[in-house]
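# Next input, structure requested:
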Amino acid sequence: MWKKIPSLLKNKYLLITIIFVVLLLFFDDSNIILQYEQMQQLNAMKTEKEFYQKEILKNKTLLNEMLSDSLTIEKFARETYLMKKDSEDVYVIERDSTKFQ
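Numbers count the residues shown, from 1 in each chain. Here you go, the predicted structure:
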């Protein structure tokens, strides 16, 4: 029976090493699957961070413009909050987004 088994599988050091590597790769707390998922999560967080940094920069420039010019404040209030003067009428036109897709 022992003659049919290849000599590599008879080597106890090789067998122990293979078992150890398999345990580390798949059954450890920091296995390959978990490392892959964490890497994907890290990449998603990096793209989120870039997005929020761009938004912060855009908001800072808008704030600086609003603090320096009163016309910018009025434009922002009219566009964002649909504010109007007493002698005006405001018409809001919304497009149906399902038609254009």
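# For the rest of this, base every contact and every neighbour count on C-alpha atoms.
Fine.
# Show me what whichever strand or helix holds Ile33 packs onto, helices and strands only.
Following DSSP states H and E, one finds Ile33 within helix 32-68. Under the contact criterion of 3 or more C-alpha pairs under 8 Å, 6 or more residues apart in numbering; DSSP states H and E, helix 32-68 touches helix 70-81.
# Touching the helix it packs on from outside, list them.
Helix 70-81 has contacts (C-alpha atoms under 8 Å, 6 or more residues apart in numbering) with Glu65, Met66, Leu67, Met83, Lys84.
# Tell me how far the closest residue to the third one other than its chain neighbours lies from Asp86.
Spelled out, it's Leu67. The shortest distance from Leu67 to any non-neighbouring residue, by C-alpha to C-alpha, 6 or more residues apart in numbering, is to Ile73 (7.9 Å). With distances taken as C-alpha to C-alpha, to the nearest Å, Ile73 is found 17 Å from Asp86.
# And the two? Which one has more around it.
Neighbours were counted for Ile73 and for Asp86 using other C-alpha atoms under 10 Å; Ile73 has more, 15 against 6.
# from the chain's centre, how far out does stretch 24-43 sit?
Put simply, stretch 24-43 sits 18 Å off its chain's centre (C-alpha atoms, centre = their mean, to the nearest Å).
# Extract the C-alpha set from that stretch and format it as PDB.
C-alpha atoms of stretch 24-43 as PDB (Å, rounded to 0.1, in the frame of the first residue of the first chain):
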ATOM      1  CA  LEU A  24      -3.500  30.400   6.800                       C
ATOM      2  CA  LEU A  25      -5.000  31.200   3.400                       C
ATOM      3  CA  PHE A  26      -8.600  30.100   4.000                       C
ATOM      4  CA  PHE A  27      -9.300  29.500   7.700                       C
ATOM      5  CA  ASP A  28      -7.400  32.300   9.500                       C
ATOM      6  CA  ASP A  29      -9.000  35.500  10.700                       C
ATOM      7  CA  SER A  30      -7.200  37.500   7.900                       C
ATOM      8  CA  ASN A  31      -7.800  35.000   5.100                       C
ATOM      9  CA  ILE A  32      -7.600  35.800   1.400                       C
ATOM     10  CA  ILE A  33     -11.400  36.300   1.000                       C
ATOM     11  CA  LEU A  34     -11.500  38.700   3.800                       C
ATOM     12  CA  GLN A  35      -8.500  40.600   2.500                       C
ATOM     13  CA  TYR A  36     -10.100  40.900  -0.900                       C
ATOM     14  CA  GLU A  37     -13.300  42.300   0.500                       C
ATOM     15  CA  GLN A  38     -11.400  44.800   2.700                       C
ATOM     16  CA  MET A  39      -9.400  45.900  -0.400                       C
ATOM     17  CA  GLN A  40     -12.700  46.500  -2.300                       C
ATOM     18  CA  GLN A  41     -14.100  48.400   0.700                       C
ATOM     19  CA  LEU A  42     -10.900  50.500   0.900                       C
ATOM     20  CA  ASN A  43     -11.100  51.400  -2.800                       C
END
